[in-house]
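# Build the 3D model from these lines:
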Amino acid sequence: MLDKYRKKADFILEPIAEKVNMKPNTLTFISLLFAILAGICLYFSHEFPFLLLIIPFLILANGFLDALDGKVARLKKEESKKGDFIDHAIDRFADVLIVGGLATSPWCTSLVGVAAISSMLLTSYMGTQAQAVGYGREYGGLLGRADRLVILTFAPFIQYILLISNINIFGWSFFQWIMIYFAVVGIITAVQRFFVVLKWFEKA
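The predicted model follows:
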């Protein structure tokens, strides 16, 4: 849902991108390092709750650098199919690392974790497959990557507050409910993207 507003962040990103003296692919790989750290921290945050206060900043850094690399490539006229491929591939690795860290942690049951990761990957697949058949990259739907990152930025703070207050939600952690949301709404998003492209074929 938030992906369609990405251009509205240009007024923030462009001045920064103009001053960046790094290759776009370098920024992409640095963003992956933050995703790795976020995934590790999510996995261990049940045992070391203070990590919940660090995770949001790691996810913010990942999302910011992911947005910045493309802007740098455009401003420096370094856009390429290779760069686009690397960017999208690293995004998928980052998604799996971050959500996977939570999915395999004690915060979340295995079934819900697998469902969340599966629906997330299916959503991403629908977006890239749309591009593969000529429609163009499809970012629409209720739960895109930007939406997930925003939710995962705020969720650790909320989970920390609930934890120190000794509060569960119907016997489950807040993170468990977030993953259920990712699983259900992710599937809905994949279906939305499927029908958007299907309608395009019918009009073509």
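# Show the pLDDT at Lys81.
At Lys81, the model reports a pLDDT of 91.
# What of the one 3 residues further on?
Per-residue confidence for Asp84 comes out at a pLDDT of 91.
# Give the burial count for it, as a bare number.
15 (other CB atoms under 10 Å). C-betas here are computed from N, CA, C, even on glycine.
# What's the separation between it and Glu78?
According to CB to CB, to the nearest Å, Asp84 and Glu78 sit 11 Å apart.
# Below-threshold pLDDT in the protein: ranges please.
1-9 (pLDDT under 70).
# just checking, what packs against the lengthiest helix in it?
As assigned by DSSP state H, the longest helix anywhere in the chain is helix 174-203. Judged by 3 or more CB pairs under 8 Å, 6 or more residues apart in numbering; DSSP states H and E, helix 174-203 is in contact with helix 81-103, helix 110-132, helix 145-164.
# Can you convert those helices into CSV and add a column each for distance to Gln192?
Putting those into CSV (distance: least, CB to CB, whole Å) gives the following:
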stretch, distance to Gln192
helix 81-103, 18
helix 110-132, 8
helix 145-164, 13
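# Out of those, which is closest to Lys199?
helix 110-132 (11.5 Å; CB to CB).
# Now do the closest one: everything it contacts.
88, 91-92, 95-96, 99-100, 102-104, 108, 136-139, 141, 143-145, 148, 176, 179-180, 182-187, 189-190, 193-194, 196-197 (CB atoms under 8 Å, 6 or more residues apart in numbering).
# at 6 Å what do you get?
With contacts defined as CB atoms under 6 Å, 6 or more residues apart in numbering, helix 110-132 is touched by 95, 99, 103, 137-138, 179-180, 182-183, 186-187, 189-190, 193-194, 197.
# Just the buried ones from those?
95, 99, 103, 138, 179-180, 182-183, 186-187, 189-190, 193-194, 197 (16 or more other CB atoms under 10 Å).
# tell me which of those is nearest to Ile16?
Ile16 lies nearest to Asp95 out of those, by CB to CB, at 23.7 Å.
# distance of the closest one from Phe50?
Taking CB to CB as the measure, Asp95 and Phe50 are separated by 25 Å.
# Quick one: neighbours of Ile98, just the number.
The burial count for Ile98: 27, using other CB under 10 Å.
# separation between the residue nearest the centre of the chain and Val112?
By CA atoms, centre = their mean, the chain has its centre lying nearest to Arg145, at 3.8 Å. For Arg145, the distance to Val112 (CB to CB) stands at 20 Å.
# SS state for Glu47?
coil (DSSP: H, G, I helix; E, B strand; the rest coil).
# Can you report how many residues neighbour it?
Glu47: 9 surrounding residues under other CB under 10 Å.
# Need phi/psi at the residue lying closest to it once chain neighbours are set aside.
Of all residues not flanking Glu47 in the chain, Pro106 sits nearest, at 7.8 Å (CB to CB, 6 or more residues apart in numbering). Phi and psi for Pro106, reported as degrees, to the nearest 10, are phi -70, psi -10.
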